[in-house]
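1. Sequence and predicted model, in that order:
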Amino acid sequence: MSDLIFNVDHITLRFGGVVSLNDVTLHQNRGEILAVIGPNGAGKTSLFNSLTGVYQPQEGSITFTGKDAKPLSVIGKKPHRVSNAGVARTFQASRMFSALTTFENIKIGAESHRGIGVVGAMLRSPATRRDERDSDERTKALLDFVGLRAKANVISSSLSYGDRRRLEIARGLATGPQVLLLDEPAAGTNPSEKLELTTLIRKVRDEMGVSILLIEHDMKLVMSLAERLYVLNFGSVIAQGTPEEIRANDKVIEAYLGSTATETGDRS
C-alpha cells in the first residue's frame, strides 16, 4: 500500500443549497507532486480550504498523516491545529506583511511553531534566546534556499511578483511542513519567473522531502511539474491520472470547452 499523506474520502461541502464539493475522493502519496485543476468555480479553492480546516465538509473524511505516522482527522480541527500537524499553505492573493522586510516575513513563519509563550518571550530566558538564534539561522537558510538572501532587508511590498511567490513559499517552509499546498503559485509571474518557480518547487520536494499539492491555471507549468492530476468540474472529480492520461481524457476536454487551458483558474 502506498504511503499516503492525504486521504480524502467522499467529502461533500455545502453552503446552504449550494454544493461546492460533491462526493470528492482523492489521495496524495508522500513525496508526490500532485495537482488539482479545473474550470472556473470547479471547487478547487474550496478543496484547499477543506484540507486546511478552514471549511468543514458535512460528509466524508479527510485524514492527514504526518512524519510521526499518527493520522489526524482534519474535519473538525481548527486551522492552527492542522498547520501544527505539518500542513502549510500559500494563497492565490498574496498575504505577506507588506510593511515588513523579506527576512521578517520568513522569521514570523519560523517563530510561529516555536511555542515559547508570552512569559518566555517577556523574560528572555536562555531557552528563549536560543530559540531566537535558531529562528534567525533557519530564516537565513530559507532565504538562501529560495534565492532571496540578497533581498533579505528589502520591504516585501517592493518585491517583484516572482520574488513575492518565492517569499510565500519560504514562509510556508519556515513552519517545517510535511506537505505544502500552493494556490496558483505562478499568478502574476512572467515566463522567466515561471521557469524559476518550477525549478524551486521541484527543489522543495527533492531536497526538503516536502510533498507538494498545487492548484494552478497555467497548464504548461502543471503538466511539467505534476506526477498525477485530479480534475474537478462543478465540485466533482471527473478525471484523475498522469499528465498524458489527462491530456487525452474526453471529459477533461469537454470541461474546458470554450476556453483555453491556460486561461482557466478557480476564482471561488
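-> Here it is on my side, so go on. Numbers count the residues shown, from 1 in each chain.
2. Now residue 88: which helix or strand?
-> strand 87-89 (DSSP states H and E).
3. What is whatever helix or strand comes next after that strand packed up against?
-> Following strand 87-89 in sequence order, the next helix or strand is helix 102-111 (DSSP H and E). Packing contacts for helix 102-111, counted by 3 or more Cβ pairs under 8 Å, 6 or more residues apart in numbering; DSSP states H and E, involve helix 126-146, helix 161-173. C-beta coordinates here come from the backbone N, C-alpha and C atoms, glycine included.
4. what stretches of the stretch 51-200 of the chain score poorly on pLDDT?
-> 93-94, 113-128 (pLDDT under 70).
5. Report all helices and strands that the helix or strand harbouring residue 197 contacts.
-> For residue 197, the element it lies in under DSSP H and E is helix 191-208. Applying 3+ Cβ pairs under 8 Å, 6+ apart, we find helix 191-208 packed against strand 33-37, helix 126-146, helix 161-173, strand 211-215, helix 219-225.
6. Hmm, residue 65 is touching residue 72, no?
-> Yes: counting by Cβ atoms under 8 Å, residue 65 touches residue 72, with 7.3 Å between them.
7. Adjacent strands (with direction) for the strand holding residue 88?
-> strand 179-183 (parallel) (DSSP bridges).
8. about what we covered before: closest to residue 38 out of the helices and strands packed on helix 102-111?
-> helix 161-173 (21.4 Å; Cβ to Cβ).
9. quick check: angle from that closest one to helix 102-111?
-> Put simply, helix 161-173 runs at 20 degrees to helix 102-111, going by axes from the mean of the first three to the mean of the last three Cα atoms, to 10 degrees.
10. Against which helices or strands is helix 161-173 packed?
-> strand 87-89, helix 102-111, helix 126-146, strand 179-183, helix 191-208.
11. tell me the angle of it relative to helix 191-208?
-> With the same axes, to 10 degrees applied, the angle from helix 161-173 to helix 191-208 works out at 20 degrees.
12. Quick one: mean pLDDT over stretch 228-239.
-> Mean pLDDT, computed over stretch 228-239, is 96.
13. Mind listing what's buried along it?
-> 228-233, 235-239 (16 or more other Cβ atoms under 10 Å).
14. related to what we said a few turns ago, any idea which of the helices and strands packed on helix 102-111 gets closest to residue 219?
-> helix 161-173 (17.9 Å).
15. Quick check: buried residues in the closest one?
-> 162-173.
16. Just want the most central residue of the protein.
-> Residue closest to the mean C-alpha point of the chain, counted by Cα atoms, centre = their mean, is residue 181 at 1.3 Å.
17. Please parse this structure into its domains.
-> 1-86+179-185+210-268, 95-176 (automatic domain parsing).
18. next one: the first one to chain centre, how far?
-> Remark: domain 1-86+179-185+210-268 is offset 10 Å from the chain centroid, using Cα atoms, centre = their mean, to the nearest Å.
19. same deal with stretch 141-157?
-> 20 Å.
20. One more: stretch 71-88?
-> 14 Å.
21. buried set for that stretch?
-> 72, 74-75, 77, 82-88.
22. Which ones among the residues you listed lie within helices?
-> Those of those mapping onto helices are 82-85, per DSSP state H.
23. Would you tell me which one of those comes nearest to residue 245?
-> residue 82 (30.6 Å).
24. For that closest one, give its distance to residue 151.
-> Counting by Cβ to Cβ, to the nearest Å, the gap from residue 82 to residue 151 is 30 Å.
25. what does residue 163 give?
-> For residue 163, the distance to residue 151 - Cβ to Cβ - is 6 Å.
26. what is in contact with these two at once?
-> With contacts defined as Cβ atoms under 8 Å, 6 or more residues apart in numbering, the residues shared by residue 163 and residue 151 are residue 102.
27. for the helices and strands packed on helix 161-173, which one sits closest to residue 35?
-> Using Cβ to Cβ, the helices and strands packed on helix 161-173 put strand 179-183 closest to residue 35, at 9.4 Å.
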